[in-house]
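1. Take a look and give me a structure for this.
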Amino acid sequence: MKVRIALSLLFLVAFMVFAFSAVEAQNTYVGVKSCKMCHNKAKTGKQFSIWSESGHAKAFETLATEEAKAVAKKAGVEGDPQKADQCLSCHVTGHGASSEIHGDKLTMEEGVSCEACHGPGSAYKSMKVMKDITAGTIKGETVGLTTITAETCKTCHNPKSPTYKEFNFDEAAKKIAHPIVEIAE
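-> Numbering: from 1, shown residues only. Modelled structure (predicted):
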């Protein structure tokens, strides 16, 4: 009897470890090319095009400017801002993430990409999942799709940033707004 209970507990623990590992492994970064496949079409709102013209898309590139180098130096950053953790943490999606989550499709050159705001996309990138989210049969949060709030933005847009300006979420949201269009069959 004790052996059966011990084996059952061992099985339960092993199952939970496997289940949590599988869920964590699902939520990996897929990079903007994966997002672009569906989110650059007129019928889905051309969200990719809107992002690609934004400052977020150019966030890594910005760090190479003379102005950024001067700001970084004044803030105490030694060396190239494009290599400095304190700059990259807000100018590059997934900077500092473990290799299991980061994957190989996400690049620094993408800057602050879709997944910086919406979360790593591997669990929600399929057309079926997106249709289910749009139809309301599943909640995006259940597959790692992050709900964007002022707090999401304030992880970078805060007084710790050397270029901080008063942050108004409602105004900022209008600048980066991209339509959510029903995904057709």
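2. Run through this structure and note the low-pLDDT ranges.
-> 1-26, 181-185 (pLDDT under 70).
3. 80 instead, please
-> Applying pLDDT under 80 to the chain flags residues 1-26, 44, 179-185.
4. where exactly do the helices run in this protein?
-> Listed in chain order, the helices of the chain (DSSP state H) span 2-26, 32-39, 47-52, 59-62, 66-74, 85-91, 99-102, 114-118, 127-135, 150-153, 169-176.
5. So Thr132 sits against Gly140, correct?
-> No Thr there; residue 132 is Asp. No - in this structure, Asp132 is not within contact of Gly140 by C-beta atoms under 8 Å, at 9.3 Å. (Each C-beta comes from the backbone N, C-alpha and C, glycine too.)
6. could I get the helices of the chain as JSON lines with mean neighbour count and distance to Met108?
-> Output for the helices of the chain, formatted as JSON lines (neighbours: other C-beta atoms under 10 Å; distance: least, C-beta to C-beta, whole Å):
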{"stretch": "helix 2-26", "mean neighbour count": "10", "distance to Met108": "23"}
{"stretch": "helix 32-39", "mean neighbour count": "18", "distance to Met108": "12"}
{"stretch": "helix 47-52", "mean neighbour count": "19", "distance to Met108": "16"}
{"stretch": "helix 59-62", "mean neighbour count": "19", "distance to Met108": "5"}
{"stretch": "helix 66-74", "mean neighbour count": "14", "distance to Met108": "14"}
{"stretch": "helix 85-91", "mean neighbour count": "17", "distance to Met108": "7"}
{"stretch": "helix 99-102", "mean neighbour count": "12", "distance to Met108": "11"}
{"stretch": "helix 114-118", "mean neighbour count": "21", "distance to Met108": "12"}
{"stretch": "helix 127-135", "mean neighbour count": "15", "distance to Met108": "26"}
{"stretch": "helix 150-153", "mean neighbour count": "14", "distance to Met108": "20"}
{"stretch": "helix 169-176", "mean neighbour count": "11", "distance to Met108": "20"}
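7. I'm done for today, thanks for sticking with me.
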